[in-house]
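[1] make a model of this:
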Amino acid sequence: MNMMNNKISVVIPVYNGEAFISEAIQSVLKQTVRPYEVVVVNDGSVDGTAEKLALFGTSITVISIPNGGVSNARNVGIQASWGELIAFLDADDIWYEDKLKRQLEVFERYPDLGFCCCDYVFLIKRSDLKINHFARFRNDDDIIFDAPLPLPFDVLVKRNFVGTCSNVMIRKEVLNRVGLFDVNYRQAEDYDLWLRCSLVTKFILISPVLLEKKSHDDNLTNDFLETLLFHEKVLVNLQSNVLAKEKIAQIKHTYLSALALVRYEIGNLFYEANDRIKAFKYFFIGLKTDLTPNNLKLFSIFLGRKLLRTMSFGLIKRKQA
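    Model (predicted):
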C-alpha cells in the first residue's frame, strides 16, 4: 500500500458530547491505517466536552466555535483540513479498527472514484438489537455492492442508501466542485450533499460492516417527520441546481415518483400525529406531483387506508357512546 493514508483527514463535529466523544476519538486513533489528521470541531459545547478533548493533547486538532449546528461545524472542519480524502465521524459513533484501511484500498483500486460508503450496524436504544443498514437494500435491483455504481444520482433520488455521515469517505476535490453542507437544512443536509456529489463522481458501496451507529435520545434522526419534511425540501430544491436540473429532465418520472412517495409518507406521519388535515393535504399534493396511473394507484392505497381507519374510529366511538 502506498502512502496515500497520509492524505486522510477525519472530521468530527461535537456538541455537548462529553458522554461519548472520547470513545469516538479512540476508535479513530486505533485505526490500522492512521489518518494524517483528526480535526474535532467543538460546536459551542457547554458541558465537559472541552475537558475531554484536552486529554488527547496533540493527537487531535481541536477547533472551538460558537454553536452553529452540525452542518456548519462539519464545514469548518473540512475547510481546516489538509487531506485529499475526508472521512466523517459523528461524535457518538464508533469505527471498527480497519475502517479507514478498507475504504482507502477502494480508492486506490479505483482512482476515478470520489465517494465510498460502507455498511454499519445500528444499535437500537434499550435493546440488544443490531440492524445492518445495507440489509434493506440487498434485494434492490438498482443497487450493487463492491463495484462502482453506474448511476448514483438516479438511485439516490429514490432512496438515501448512504444513511449516515460516519460511513463516508470522499475526495476533497469533489467537495471543492459541488460545495459543502448547506447550513439551511436542519436535517437531511447530508442527503443534499450526497445528491450533489453524485452528479459529478462515481460512488461505491462496500459490504463490510465497519462501524457502529449509536441511537440515543439526542439523535436528530429520531424525529422522522421533520427528517422527511427536509428530505422533501432537498428534492424540491434540487430543481434550482443547474446540473441536477438537466439530470432530472432525463429521469423525470423517477424523480417525480420519488417526490410523490415522500409526500405520501409525510402524510402518513401527520396522520399518526393526529393532524388529519395536513395528512390528507399531503396525500393530495403527492397525487398532483406525478399524474401517472402508477401514482394514482399509490395515492388510492395511501388515502384508502387512512379513510378506512378514520371511518372505523368514528364507528367505534359511536358504539362506545
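[2] thought Asp15 was touching Asn72?
    I think there's a mix-up here, since residue 15 is Tyr and not Asp. No: with contacts counted by C-beta atoms under 8 Å, Tyr15 stays clear of Asn72, the gap being 10.7 Å. Bear in mind the C-beta positions are built from the backbone N, C-alpha and C, glycine included.
[3] hey, what's in contact with both of these two?
    Asp43 (C-beta atoms under 8 Å, 6 or more residues apart in numbering).
[4] tell me where the stretch 151-300 of the chain has strands.
    Taking DSSP state E, counting those that start in this stretch to define them, one finds strands in the stretch 151-300 of the chain at 168-171, 202-214.
[5] tell me the pLDDT at Pro152?
    Pro152 carries a pLDDT score of 96 in this model.
[6] sorry, slip of the keys, the one I care about is Lys319.
    In this model, Lys319 carries a pLDDT of 47.
[7] what sits closest to Trp194 if chain neighbours are left out?
    Val162 (5.2 Å; C-beta to C-beta, 6 or more residues apart in numbering).
[8] what pLDDT is listed against that neighbour?
    Val162 carries a pLDDT score of 97 in this model.
[9] what's the neighbour count on it?
    Neighbour count for Val162, taken as other C-beta atoms under 10 Å: 22.
[10] that one and Met169 touch, don't they?
    No: if you go by C-beta under 8 Å, Val162 and Met169 don't touch, sitting 11.4 Å apart.
[11] list residues touching both of those two?
    With C-beta under 8 Å, 6+ apart as the test, Val162 and Met169 both reach Cys117.
[12] low-confidence ranges, this protein, go.
    Across the chain, the ranges flagged by pLDDT under 70 are 1-6, 125-126, 215-222, 313-321.
[13] buried sites along the longest helix anywhere in it?
    Counting by DSSP state H, the longest helix found in the chain is helix 293-320. Residues of helix 293-320 classed as buried: 295, 298-299, 302-303, 306 (neighbour count, 16 or more other C-beta atoms under 10 Å).
[14] then stretch 56-67?
    Buried residues in stretch 56-67, counted by 16+ other C-beta under 10 Å: 56, 60-62.
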